[in-house]
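Participant: This is a predicted model, with the sequence first.
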Amino acid sequence: MSQELAVCRLQEHDPVPNWAWRGELVSVSRARGELSVVCAAGAVPDDGSVRAERGWRALVVTTPIDFSATGVAAAVTTALAEAGVSVLPVATYDTDYFLVKNDSLADAIEALLLAGHQVTAY
C-alpha cells in the first residue's frame, strides 16, 4: 500500500524542517511567498503549527518517458479530470508523480489503466 502524504505550506524563508525528510517521497519547492513540502503525513506535527492537507497518495506512471516527449502530463491529468479525480503533479528528474486523494485512489488507477497508462501506487 502506498504511503499517505501531506502537502504542507510554510513561510517563504522557513528552513525545510527535519520532520519533512521522514518517508520515502519528499518534494520541496520554494517560490516567492511560500515553501511547499510534500512528505509523509505521519511526519507532520499535529499541533497546528503547520498548515497541511493530509490524505494524499502518489501514483507513478511507469511507462518510460523521454524528456523530449510532449503532452505526457496532459494525457495523465486529462484522464483523471474526465474521471472527476483532482490531481497534484510532482516531478523529479526521473519520475512524474501524480498525487490524488485517498478516497479517489481506486478511481484514479482505473481511469489511468483505461486510458492505456501503466501505473502503480508509490
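Facilitator: Happy to help now that I have it.

Participant: for the chain, what spans make up the helices?
Facilitator: Using DSSP state H, the helices of the chain run over residues 72-82, 105-114.

Participant: now those in TSV, with mean neighbour count?
Facilitator: From N, CA and C alone the C-beta is placed, and that goes for glycine too. TSV is the format used below for those (neighbours: other C-beta atoms under 10 Å):
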stretch	mean neighbour count
helix 72-82	16
helix 105-114	17
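
Participant: Tell me which of those helices sits nearest to Trp21.
Facilitator: Of all these, the one in closest proximity to Trp21, counting by C-beta to C-beta, is helix 105-114 (24.4 Å).

Participant: Report the inter-axis angle for the closest one versus helix 72-82.
Facilitator: Angle, helix 105-114 to helix 72-82, by axes from the mean of the first three to the mean of the last three C-alpha atoms, to 10 degrees: 120 degrees.

Participant: hang on, the earlier thing: could you dump the helices of the chain into JSON lines with distance to Gly55 and mean pLDDT added?
Facilitator: Output for the helices of the chain, formatted as JSON lines (distance: least, C-beta to C-beta, whole Å; pLDDT from 0 to 100):
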{"stretch": "helix 72-82", "distance to Gly55": "16", "mean pLDDT": "91"}
{"stretch": "helix 105-114", "distance to Gly55": "10", "mean pLDDT": "96"}
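
Participant: Can you add distance to Glu4 and give those back as JSON lines?
Facilitator: Formatted as JSON lines, those follow (distance: least, C-beta to C-beta, whole Å):
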{"stretch": "helix 72-82", "distance to Glu4": "19"}
{"stretch": "helix 105-114", "distance to Glu4": "10"}
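
Participant: These: which one's closest to Asp47?
Facilitator: Nearest to Asp47, of all the helices of the chain, is helix 105-114, at 27.8 Å by C-beta to C-beta.

Participant: Show residues contacting that closest one.
Facilitator: Helix 105-114 is contacted from outside by 2, 57, 59, 61, 76, 79-80, 82-85, 87, 98, 100, 119, 121, using C-beta atoms under 8 Å, 6 or more residues apart in numbering.
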